[in-house]
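J.: what's the 3D shape of this:
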Amino acid sequence: MLFTTPGSANFISGVIMYDETIRQEGSRGVLLPRILVEQGIVLGIKVDIGAKPLAGCEGETVREGLDGIA
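T.: Numbers count the residues shown, from 1 in each chain. Take a look at the predicted model:
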């Protein structure tokens, strides 16, 4: 609903989606990435596996998961 709201591209310049979200369709059967691109909204995908504790730094985290990406 947010992506198909008239004028939303005036306030949204980019969207980062999860892997499963990038394959979802809107209510009219159009893929969400296509809806975004047609409005000039930049599309990104979250590629890491999340935050993990940083060794030796109590309470700090680091993002993991980019190692195996070709």
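
J.: Isn't Gln39 up against Ser8?
T.: Yes - judged on C-beta atoms under 8 Å, Gln39 makes contact with Ser8 at a distance of 7.1 Å. No exception for glycine: its C-beta is placed from N, CA and C like everyone else's.

J.: Mutual contacts of these two, please.
T.: Residues touching both Gln39 and Ser8 (C-beta atoms under 8 Å, 6 or more residues apart in numbering): there are none.

J.: Would you map the helices across this structure?
T.: 32-38 (DSSP state H).

J.: any weak-confidence spans in it?
T.: Across the chain, the ranges flagged by pLDDT under 70 are 66-70.

J.: in it, which spans are strands?
T.: All strands of the chain, identified by DSSP state E, fall at 14-17, 42-45, 50-53, 61-64.

J.: Please tell me how far the first one is from the chain's geometric centre.
T.: In other words, strand 14-17. 4 Å (C-alpha atoms, centre = their mean, to the nearest Å).

J.: just the second one next, same as before
T.: How far strand 42-45 lies from its chain's middle: 6 Å, per C-alpha atoms, centre = their mean.

J.: Which strands or helices does that strand pack on?
T.: strand 14-17, helix 32-38 (3 or more C-beta pairs under 8 Å, 6 or more residues apart in numbering; DSSP states H and E).

J.: can we see that at 6 Å?
T.: strand 14-17 (3 or more C-beta pairs under 6 Å, 6 or more residues apart in numbering; DSSP states H and E).

J.: So what are the sheet partners of the strand it packs on and their directions?
T.: strand 42-45 (parallel) (DSSP bridges).

J.: Buried residues, the strand it pairs with. List them.
T.: Within strand 42-45, no residue counts as buried by 16 or more other C-beta atoms under 10 Å.

J.: For it, give me every contacting residue.
T.: Gly14, Ile16, Met17, Ile22, Pro33, Leu36 (C-beta atoms under 6 Å, 6 or more residues apart in numbering).
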